[in-house]
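Student: Structure for this input, please:
(one chain, ligands or ions: 1)
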Amino acid sequence: METFLEIQSKAKRLESLINLSNNIREKEKRDILVFNDYLYLAVTNPQIVFRDIFQLYHDMVHHYVSEGQDEFINDNEHIGFYNYETRDLFRNDCDEPFFADRLFAYRFMNMTRNFRKGTQNKRIYIFEGPPGSGKSTFLNNLLHKFEEYSRTPAGATYITYWKLDIEKLGGFQSKEIQKIKTLSHKSPLEKRAKQSQNFDFPEKYLEFSCPNNDNPILQIPKNYRKQFLDELIRDESFKEQLFNDKQYEWVFRDIPCAICSSIQKTLLDRLSDPLEVFSMINAKTNHFTRQLGEGISVFNPGDTNIEQTLSNPTLQQMISDLLRNDEIKYTYSYMAKTNNGILALMDIKEHNVDRLKAYHGIISDGVHKVELTEEYIRTLFIGIVNPEDKIHYEQVQSFQDRIISMKIPYVLDYNTEVMIYKSKFNENITNSFLPGVIENFAKIIIASRLDIESPAIKRWISKPEKYSKYIDKNMLLLKMEVYIGILPEWLSEEDKKKFDRQTRIDIISNSENDGHKGISGRKSLSVFNDFCSPSQRPNKYITMEDVKEYFIHNKEELQIDIPQDFIDKLVDLYDYDVMQEIKESIFFYNEEHIERDILNYLFAINFEIGDSKFNNSTSDNVEITEEFYENIERRLLGESSTPTTRKSFRKETQSEYVSVTLTQELGLENKSIKESKLFKNLFVKYTRNLKENALAPYLDNDNFRRAILQYGTSSFNTFDERLKRDVTLLINNLVNKFNYKCPEAAQQICIYVLDKGIVKKY
Ligand SMILES: [Zn+2]
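Tutor: Predicted structure coming up:
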């Protein structure tokens, strides 16, 4: 026995199922608009209603990709090399993510912009990329987003949907004849009646959509369209565009398909009132569905040629029957289904070569002949191709004008490369590396993909020797930075100035030669996997040394073709960067900290060595020792200062303090000590030397190394206060400002720097 509750819950479930189906039906109903409502929409949202496939494609891309940033936007030389965020277009909600690097995204967006210009419709777009560049993922995701977009309000487009009023048209003839059962004769009508015996005749309307996806506006006779829209549309600025822009030419030039035309003509003959005819025209939202070939078709090279002519015998008979006209042919080609849609070729080889040739003919004529009827084709043709398959069309002269190709090279942006590792392995994979190291791994992979000739960069940097401390002689390391929108700070002011508009344009345009060789996307993953897996490394974090060793050790096996000096220079640049981080960290410009040091110094010079005094202005207990003086004086005077210089400086300072600062400024002028000239001078001296000599006091100081190693242990407490403070500051800043994951990682990098003797090099 079912309990009451069980029955109740069953009923509830059933109820919600009914609701669901009602919702679906409601939703489907909403997808169909009567012609009047469609026109109303055309008045209120003309930008959405008047879109052909090219305009729709443009809007789709911009819907998912927001305007990016150009780091150089504020200088006059910027070229709009934006950093577009393509995540929503190529990665989110996709089965397999496609990672577009900055250069590709930039080119892709520039190409897309042309789709709103109306000059691009007689073209075939071919994306060319080497194996493993992810081009099929790119195409799949693009089409997937297109389907998704067509289901959103922003992506709605409309096609003609016929709703023939059965009663107004006098009902189905053969249905009547069936009733009186006179089926023995041979008149066409009777034959038709016999064939249609088993039809499930609709009651009120015979409904079907235009198989060519005609925009409903085309049903307004071409000769009247302009005047009609002029009266209809209120938005003057849009009207201006509509009547003058090339992108809207189709609105006034295109005509409905043969099927719609002949239906219209017949209806007008039958009803003699155009308004009655329009009452049977509706607009239906066009939902693109790749799986069914609705609006999107994708052909693989192995797909054999499909039936050229498609039809629907049942519907055909009903139309002929209801309209009393055997001349209306409800037949169309597979091309019709992607009219105002997308036809894509996955790889141009085998059968797809023939298809490409056929499309070429159709594009040139704008017409596709199906039996005796002509289909006007407005389709976005896309293909992807491996470079070696280009021979199938490259030689044909007439193809040159029709094909717009765009390259999908291997990733050239090391940040994107790292993003791929994270996505394929583990989001946290970077945590096993010291900061910057995984990026350097990626740079080695990318170096294998770069063309070593960089004419634009060579023109720009006339004396590359001066950067030999930081970069390789082919300047690939510089090129990689420019490709991600960075102008390295180690460049001289002069070279930064020379980075003008033309140089930028040339570098970006030269980049087309990069990314067609070297380690493929696929291989890069296996190399990375191989590198990460053994992991019997002495240190907790993967270091630059580990990366260097791996690549030098496996160079032959990996067949990585990179210039001789590349890895060494990569390490040099890494060392330089790390050195900057450490210098910033040990005494990053902490004003309070510097002021405190100077206040304590000015306080201490009035006492004897060996004294211990409390300084009211800083609340510090100052141990006045030779070491205390030395630490501060080295910061004020530089690393090379001798004890004699320091002592005489101390004496001069003390005398100025007493005679000028104390008596005059603090006494007579009533200034605070921080406002005094002496204090300000010391402050400037201190900060100037600070960064350059940040590590100077500790250069040959074994205690410094030991304190770093013992940081975090109880033995750390045995070091003097100042050293403890500096080491703590260093470690904390490395962790907080420079992304070292924990004190241990920071300790590891400090020891690397000290042991390698980099301090003296940079
Ligand atoms: Zn049509």
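Student: And residue 361, how far from the ion?
Tutor: 22 Å (Cβ to the ion, to the nearest Å). Every C-beta, even on glycine, is put in place using the N, C-alpha and C of the backbone.
Student: looking at this structure, which helix or strand is least sure?
Tutor: helix 4-30 (a mean of 57; mean pLDDT, DSSP states H and E).
Student: Ramachandran coordinates for the closest residue to residue 632 other than its chain neighbours?
Tutor: In space, and not counting its chain neighbours, residue 632 is closest to residue 601: 4.9 Å by Cβ to Cβ, 6 or more residues apart in numbering. Here is the backbone geometry of residue 601 (degrees, to the nearest 10): phi -70, psi -50.
Student: And for residue 384?
Tutor: According to degrees, to the nearest 10, residue 384 has phi -120, psi 150.
Student: so what secondary structure elements neighbour the strand or helix carrying residue 243?
Tutor: Assigned by DSSP states H and E, residue 243 belongs to helix 236-244. Applying 3 or more Cβ pairs under 8 Å, 6 or more residues apart in numbering; DSSP states H and E, we find helix 236-244 packed against helix 46-49, helix 222-232.
Student: Among those, show me which one is buried the most.
Tutor: helix 46-49 (a mean of 18; mean count of other Cβ atoms under 10 Å).
Student: So what's the residue count around residue 391?
Tutor: 11 (other Cβ atoms under 10 Å).
Student: Can you give me every residue that contacts residue 271?
Tutor: Residue 271 sits next to 168-169, 277 when contact means Cβ atoms under 8 Å, 6 or more residues apart in numbering.
Student: does residue 163 belong to a helix or a strand, and which?
Tutor: In the assignment (DSSP H and E), residue 163 maps to strand 158-165.
Student: what does that strand contact?
Tutor: 32-33, 38, 41, 49, 204-210, 213-216, 218-219, 256, 260, 263, 267, 279-286, 319, 322-323, 340.
Student: Low-confidence bits of the stretch 201-350 of the chain, can you list those?
Tutor: Low-confidence segments of the stretch 201-350 of the chain, defined by pLDDT under 70: 306-307.
Student: Would you tell me which residues of it are close to the ion?
Tutor: 210, 212, 214, 256-257, 260 (Cβ under 5 Å from the ion).
Student: which residues of the stretch 251-400 of the chain fall in helices?
Tutor: For the stretch 251-400 of the chain, the helices defined by DSSP state H, counting those that start in this stretch cover 258-271, 274-279, 313-323, 334-337, 351-365, 391-394, 397-402.
Student: how about those, which one is nearest residue 695?
Tutor: The closest of those to residue 695 is helix 391-394. By Cβ to Cβ, the value is 59.2 Å.
Student: Can you give the distance of the closest one from its chain's centre?
Tutor: Averaging C-alpha positions (Cα atoms, centre = their mean, to the nearest Å) puts helix 391-394 31 Å from its chain's average.
Student: Same check on stretch 120-127?
Tutor: Distance, centroid of stretch 120-127 to centroid of chain: 22 Å (Cα atoms, centre = their mean).
Student: Let me know the average pLDDT across it.
Tutor: Average pLDDT, stretch 120-127: 87.
Student: List the contacts of residue 99.
Tutor: 90-91, 134, 411, 416, 419-420, 423.
Student: one more time with 10 Å, if that's ok
Tutor: 86-87, 90-91, 105, 134, 137-138, 411, 413, 416-417, 419-420, 423-424, 521 (Cβ atoms under 10 Å, 6 or more residues apart in numbering).
Student: cool, and residue 332?
Tutor: Residue 332 neighbours (Cβ under 10 Å, 6+ apart): 210-212, 257-259, 308-312, 339, 368, 370, 373, 375.
Student: Can you say which of the residues you listed are buried?
Tutor: By neighbour count, with 16 or more other Cβ atoms under 10 Å, the contacts of residue 332 hold 210-212, 257-259, 310, 339, 368, 370, 373, 375 as buried.
Student: I'd like these as TSV, with distance to residue 483 appended.
Tutor: Output for these, formatted as TSV (distance: Cβ to Cβ, whole Å):
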residue	distance to residue 483
210	47
211	47
212	44
257	47
258	51
259	52
310	48
339	40
368	43
370	48
373	51
375	45
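Student: From the residues you listed, which land in strands?
Tutor: 310, 368, 370, 373, 375 (DSSP state E).
Student: Let me see the domain layout of this protein.
Tutor: 414-577, 585-761 (automatic domain parsing).
Student: The last one: end-to-end distance?
Tutor: Spelled out, it's domain 585-761. Its first and final residues considered, domain 585-761 spans 18 Å by Cα to Cα, to the nearest Å.
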